[in-house]
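Need a 3D model of the following:
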Amino acid sequence: MAFTTTSNYAGKAAGFYISAALKEAKSLDYLTTMENVKYKSNIQRMAGSNLVVDATCDFTDAGTLALTEKVLEPKNLQINIDLCKATLLDSWEAMQMRAGAGAPPPASFDDYVISYLGEIIAQATEESVWNGAGGTTGQFQGFLDTNGYLLPTGTNADATVIQSSASGAYTAANIIANLQTLTTDMAANVSAILGKEDLHIYMNNKTYAMYISAVSTLGYVNAYNMNGDYEPVFEGYKIAVCPGMVDNQLVAAQKSNIYFGTDLLSDHTRIQMLDMANLDGSDNMRVVARYSAGVQTGVGADIVRQS
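The predicted structure follows:
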């Protein structure tokens, strides 16, 4: 049976597929996403102090209002890949023969290939959000790389981010103590945001597993039987489990204070599948994806990082 497919999605049409792929990156659940950053975007945050005073008949200037501004500049990225249709066709055909009256309609081969591509984009995004190096091909600058936005030194350093010191590499035996050090530093330095609904403690899966082991050892039986509705917390603070985070680091921040930027509407954003059968007689297809991605913080002084 001859099988050919050639599709081209650009701008808004491609943005639909890229958006779906990016949303598979778990960390983006806990970041504020800016979807239409054409080239760069200024992130402005205002902080006021002593603005409310006793009323008088006169106008008297009081208090301070500080405006901070940072630039989020997504990096243009691409995927160019040759795929032999035979390597994917067996799996795709198996999906077409799903049994049962309630089975969903079969996906087109195009959609199947795009979902395959989406997994690649999601994994690369998840890793770059935290540990990406902007100077490395295929990565955008992340938060915790040696030049990351949350570090006290480096090209993109933010000296206002509060730095908390861990007792050593995290283990199940010391993770509770290190989390308590973090929350103590939070109370001492970012007390104004402690009651914010979107405040999270960010950690990776390995660190979270240590935490679960620790609380289980302490006798919290429910830690053995957490279902999908369970929202992990520590001392009342929500825990955000982010697979792309590096080991032995914790971050406390509001979702509204850390940003992910992309452009889903630009003509630069596209997905293209070219069937090579009619061009060179091969059974290959070329898949091209172009998109942009980047991260940035808002107010560094409202973020605590532990390492």
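
mind listing the helices in the chain by residue range?
12-22, 85-96, 109-131, 175-189, 205-217, 277-280 (DSSP state H).

what's the shortest one packed up against?
This means helix 277-280. Of the remaining helices and strands, none touches helix 277-280 by 3 or more CB pairs under 8 Å, 6 or more residues apart in numbering; DSSP states H and E. All C-beta atoms are positioned from the backbone trio N, CA, C, and that covers glycine.

How about the third one?
Helices and strands in packing contact with helix 109-131 are listed as helix 12-22, strand 75-84, helix 85-96, strand 270-275, strand 284-297; criterion 3+ CB pairs under 8 Å, 6+ apart.

follow-up on the earlier one: ok, which of the helices of the chain comes nearest V71?
helix 109-131 (17.4 Å; CB to CB).

now the angle between strand 284-297 and that closest one, please.
Helix 109-131 and strand 284-297 are oriented at 30 degrees to each other (axes from the mean of the first three to the mean of the last three CA atoms, to 10 degrees).

Report the mean per-residue pLDDT for helix 109-131.
Mean pLDDT, helix 109-131: 85.

Go through it and flag the buried ones.
Within helix 109-131, the residues that count as buried by 16 or more other CB atoms under 10 Å are 109-110, 112-114, 116-118, 121-122, 124-131.

just stretch 178-192 next, same as before
For stretch 178-192, by 16+ other CB under 10 Å, it's N178, L179, T181, L182, T183, D185, M186, N189, V190.

burial count for the closest residue to A173 other than its chain neighbours?
Excluding its sequence neighbours, the residue lying closest to A173 (CB to CB, 6 or more residues apart in numbering) is A214, at 7.4 Å. For A214, the neighbour count with other CB atoms under 10 Å is 19.

Touching, A214 and I175? I think so.
Yes - assessed by CB atoms under 8 Å, A214 is found in contact with I175 at 5.3 Å.

among the helices and strands of the chain, which has the poorest mean pLDDT?
Ranking every helix and strand in the chain by mean pLDDT, DSSP states H and E puts strand 7-10 at the bottom, with a mean of 47.

Low-confidence ranges, the stretch 101-250 of the chain, go.
Applying pLDDT under 70 to the stretch 101-250 of the chain flags the ranges 101-107, 221-229.

if we can go back for a sec, dump the helices of the chain to JSON lines, plus distance to D263.
JSON lines is the format used below for these (distance: least, CB to CB, whole Å):
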{"stretch": "helix 12-22", "distance to D263": "8"}
{"stretch": "helix 85-96", "distance to D263": "29"}
{"stretch": "helix 109-131", "distance to D263": "14"}
{"stretch": "helix 175-189", "distance to D263": "34"}
{"stretch": "helix 205-217", "distance to D263": "30"}
{"stretch": "helix 277-280", "distance to D263": "31"}
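
what's the closest of those helices to I43?
helix 109-131 (15.9 Å).

Please state the offset of the closest one from the chain centre?
Its chain's C-alpha centre and that of helix 109-131 lie 13 Å apart, by CA atoms, centre = their mean, to the nearest Å.

Quickly, which of the helices and strands packed on helix 109-131 bottoms out on average pLDDT?
helix 12-22 (a mean of 58).

For D54, state which of the buried residues of stretch 178-192 is nearest.
The closest of the buried residues of stretch 178-192, once distances to D54 are taken by CB to CB, is V190, at 28.2 Å.

Please determine how far the closest residue in space to that closest one that isn't next to it in sequence is located from Y208.
Setting aside the residues directly before and after it, V190 is nearest to D302 in space (CB to CB, 6+ apart), at 5.4 Å. Using CB to CB, to the nearest Å, D302 is found at 23 Å from Y208.

Counting neighbours, go ahead and name the busier of those two.
Neighbour count, other CB under 10 Å: between D302 and Y208, D302 has more, with 24 against 19.

right, and the more buried one touches A253 too?
Yes - here D302 reaches A253: they are 7.1 Å apart, a contact under CB under 8 Å.

So for the two, which residues contact both of them?
When CB atoms under 8 Å, 6 or more residues apart in numbering defines a contact, no residue borders D302 and A253 alike.
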